[in-house]
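S.K.: what follows is a predicted structure for the sequence shown.
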Amino acid sequence: MPDEGPLLSRGRERARQLHDTISDRLEAVDRRRRLASTTRTRFLMPPTVASSTFQIISQLAGLPAVHRAFQWFHLQEMQLREWHRQVASIPAPPFGEAARARWVAEQFATLGLENVGIDECGNALGWMRGAANAQTGQEPGASRPCTLFSAHLDTVFPAEAIGHPMQEGSILRIPGASDNCAGITALLGIAAAMRAAGLRPERDILFACNVGEEGEGNLRGMRHIFSKSQFAARIHSAVILDGAGTDMIVTQGLGSKRFRITISGPGGHSWTDAGVPNPILVLANVLTAVGRIQLPGSPRTTWNVGHIEGGTSINSIPQRVEARIDTRSTDTVPLLQLEEHIHDAVVIAVENANRAAGDVPSGNHGSDPIQFEIATIGERPAAALREDARILSTLRAVDRHLQIRSHVSTASTDANIPLSLGIEAVSLGSGGSGGGVHTLEEWFDAAGRDLALRRILLLLLALAQPEV
């Protein structure tokens, strides 16, 4: 057996470094959980809160201005459909949302939102000034807490996949119709109804159509709002619209981490260089090893290899092969452990290939060792909303008032970011129904959309009130 070369030493050193890093991160997670368990009782609400919250919702729903807004939702469905068709006709692939953002900003300005603009990340923003700031003349978002109200701009489709929308009664057919043109349309509808009804929230509401929710966008728009915007510290709650439906409440952010694994070697001719290590075979061994990892059923944890590319021809030993792996879990700890297992599988497969290469002829290209690279191409934090969170009790009171039989669920959405920062957030459907999501046959049916809009409006108005 040949001596261990510098690459094997580097690989093992990288594995040790990763192990130390993951161990540190696991300890940090454990410390946060211990702290949360000792302080949780401080946040428990009194048993009368559910009743008083329901009373607040009933009072809000009885206001004449709120009734006017409800009526707007019913009477202006044709305007909502027109906005829906227009926004769906504008391509917005990941990292290509600029045209749609400009269109949304134009609508924000027309609807009377203030300080409308597009930030350096590409998010379209507009403010609805609360009564408190209106009385003092302060700029919206300047000092008082505010609510973020958002819907993501991007779709999974390349620009050339977006054709002409087809309207069949209440059904709109076009890629992205449901995810997330429905959310953008609902957000515009809320702004328009509040303006028409003369409704002003007690506190500022930041309307945002953000970039980068889908795929390798990696939640970049929402990350920017909560980490680099000048008003990040003032956001005390977030209501996020994503897709269709009325009875869903996403309270748990599904965590994920995505990797690009690259295996490279000297390559060569399949006959004259036979025996030169083959990166495709090495990658196959990696994936086989990862497939044998025992994953926990609770918390549910998964992995998937969704993309493989490499090689040049059937009679060539490839010089490079690449695989993209997606890992997901409702908990941070299994994700970190799975990351370590994947890295170990790569290191071991490369070591075995390089050892075996020492026992065969070198061929025309010598026996240069197989090399590897593991790059993180996406990461979404796992997080969950507390059961006693104000936003959740408020939404449940709204659903009780509107007689909506809602249920909580887990998903990977823009809400992952505020939830991971300890900020109360929910992701909701925008009404109606939809199907074929992330396919070219995607559709949205607007029938019943006004019920969801009433739900969203009552939640926003309640959250914009000072806590009592």
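M.R.: Yes, it's here. Numbers count the residues shown, from 1 in each chain.
S.K.: pick out the residue nearest the middle of the protein.
M.R.: residue 413 (3.1 Å; CA atoms, centre = their mean).
S.K.: tell me who's in contact with that one.
M.R.: 213, 240, 242, 250, 253, 427 (CB atoms under 8 Å, 6 or more residues apart in numbering). Any C-beta I mention is one placed from the backbone N, CA and C, and that applies to glycine too.
S.K.: scan those and report the most crowded one.
M.R.: residue 213 (29 neighbours; other CB atoms under 10 Å).
S.K.: surely it touches residue 225?
M.R.: No: if you go by CB atoms under 8 Å, residue 213 and residue 225 don't touch, sitting 11.9 Å apart.
S.K.: mind checking how far the residue nearest to the centre of the chain is from residue 253?
M.R.: Distance of residue 413 to residue 253, given as CB to CB, to the nearest Å: 7 Å.
S.K.: also residue 269?
M.R.: Using CB to CB, residue 269 is found at 50 Å from residue 253.
S.K.: check residue 266 too.
M.R.: Taking CB to CB as the measure, residue 266 falls 44 Å from residue 253.
S.K.: can you check residue 137 too?
M.R.: 38 Å.
S.K.: can you check residue 247 too?
M.R.: Relative to residue 253, residue 247 is positioned 19 Å away (criterion: CB to CB).
S.K.: same check on residue 235?
M.R.: 16 Å.
S.K.: got it, and residue 92?
M.R.: According to CB to CB, residue 92 and residue 253 sit 23 Å apart.
S.K.: list the contacts of residue 262.
M.R.: Counted by CB under 8 Å, 6+ apart, residue 262 has contacts 320, 321, 322, 372, 373, 374, 375.
S.K.: hang on, it in a strand?
M.R.: Yes: with DSSP: H, G, I helix; E, B strand; the rest coil as the criterion, residue 262 is located in a strand.
S.K.: so it bridges to which residues?
M.R.: Under the criterion DSSP bridges, residue 262 forms beta bridges with residue 322, residue 373.
S.K.: roughly how far does it sit from residue 293?
M.R.: Counting by CB to CB - residue 262 and residue 293 are separated by 21 Å.
S.K.: same thing with residue 102?
M.R.: Distance check for residue 102 against residue 293: by CB to CB, it reads 46 Å.
S.K.: and for residue 301?
M.R.: From residue 301 over to residue 293 the distance is 10 Å, taken as CB to CB.
S.K.: so for those two, which sits in the more crowded spot?
M.R.: residue 301 (20 against 14).
S.K.: tell me how far that one lies from residue 376.
M.R.: 17 Å.
S.K.: the residue nearest to the centre of the chain and residue 152, how far apart?
M.R.: For residue 413, the distance to residue 152 - CB to CB - is 8 Å.
S.K.: where does pLDDT dip in the chain?
M.R.: 1-51, 359-368, 467-468 (pLDDT under 70).
S.K.: tell me how it divides into domains.
M.R.: 6-34+255-380, 46-253+383-463 (automatic domain parsing).
S.K.: pick the most buried one from those domains.
M.R.: domain 46-253+383-463 (a mean of 20; mean count of other CB atoms under 10 Å).
S.K.: secondary structure class for residue 249?
M.R.: strand.
S.K.: now it: closest residue in space, sequence neighbours ignored.
M.R.: Using CB to CB, 6 or more residues apart in numbering and skipping the chain neighbours, the partner closest in space to residue 249 is residue 408 (4.9 Å).
S.K.: so the one you found sits in a strand?
M.R.: Yes: under three-state DSSP, residue 408 falls within a strand.
S.K.: for it, give its distance to residue 93.
M.R.: From residue 408 to residue 93 the distance is 31 Å (CB to CB).
S.K.: what's the answer for residue 333, then?
M.R.: Residue 333 is 34 Å from residue 93, by CB to CB.
S.K.: cool, and residue 421?
M.R.: Taking CB to CB, one finds residue 421 at 28 Å from residue 93.
S.K.: do residue 244 as well
M.R.: Residue 244 is 21 Å from residue 93, by CB to CB.
S.K.: residue contacts, residue 150?
M.R.: 187, 207, 208, 209, 210, 222, 225, 238, 239, 240, 241, 414.
S.K.: which residues does it bridge with?
M.R.: residue 208, residue 240.
S.K.: one step back: make TSV out of the contacts of residue 150 and add distance to residue 454.
M.R.: Formatted as TSV, the contacts of residue 150 follow (distance: CB to CB, whole Å):
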residue	distance to residue 454
187	15
207	18
208	21
209	21
210	24
222	26
225	26
238	20
239	14
240	18
241	14
414	23
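S.K.: and of the residues you listed, the nearest to residue 399?
M.R.: Nearest to residue 399 among those: residue 239, at 13.9 Å, using CB to CB.
S.K.: am I right that residue 433 is in contact with residue 248?
M.R.: No: Residue 433 is beyond contact range of residue 248, at 11.5 Å (criterion: CB under 8 Å).
S.K.: what segments of the stretch 351-468 of the chain are strands?
M.R.: 371-380, 383-384, 407-411, 424-428, 433-435, 443-445 (DSSP state E, counting those that start in this stretch).
S.K.: wait, the stretch 201-350 of the chain
M.R.: Ranges of strands in the stretch 201-350 of the chain, per DSSP E, counting those that start in this stretch, are 205-210, 235-241, 248-253, 255-264, 268-269, 301-310, 316-317, 320-329.
S.K.: closest one to residue 179 among those strands?
M.R.: For residue 179, the closest of the strands of the stretch 201-350 of the chain is strand 235-241, at 10.6 Å, according to CB to CB.
S.K.: what residues does that closest one touch?
M.R.: Under the contact criterion CB under 8 Å, 6+ apart, strand 235-241 has outside partners 145-151, 180, 182-184, 186-187, 206, 225-226, 390-391, 413-415, 418, 423-430, 456, 459-460, 463.
S.K.: CA atoms only: put it into PDB for me.
M.R.: Only the C-alpha atoms of strand 235-241 are listed here, as PDB (Å, rounded to 0.1, in the frame of the first residue of the first chain):
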ATOM      1  CA  ILE A 235     -39.800  44.400  13.100                       C
ATOM      2  CA  HIS A 236     -41.700  42.700  15.900                       C
ATOM      3  CA  SER A 237     -43.800  40.200  13.800                       C
ATOM      4  CA  ALA A 238     -44.000  39.000  10.200                       C
ATOM      5  CA  VAL A 239     -47.000  37.800   8.200                       C
ATOM      6  CA  ILE A 240     -45.800  36.000   5.000                       C
ATOM      7  CA  LEU A 241     -48.000  35.000   2.100                       C
END
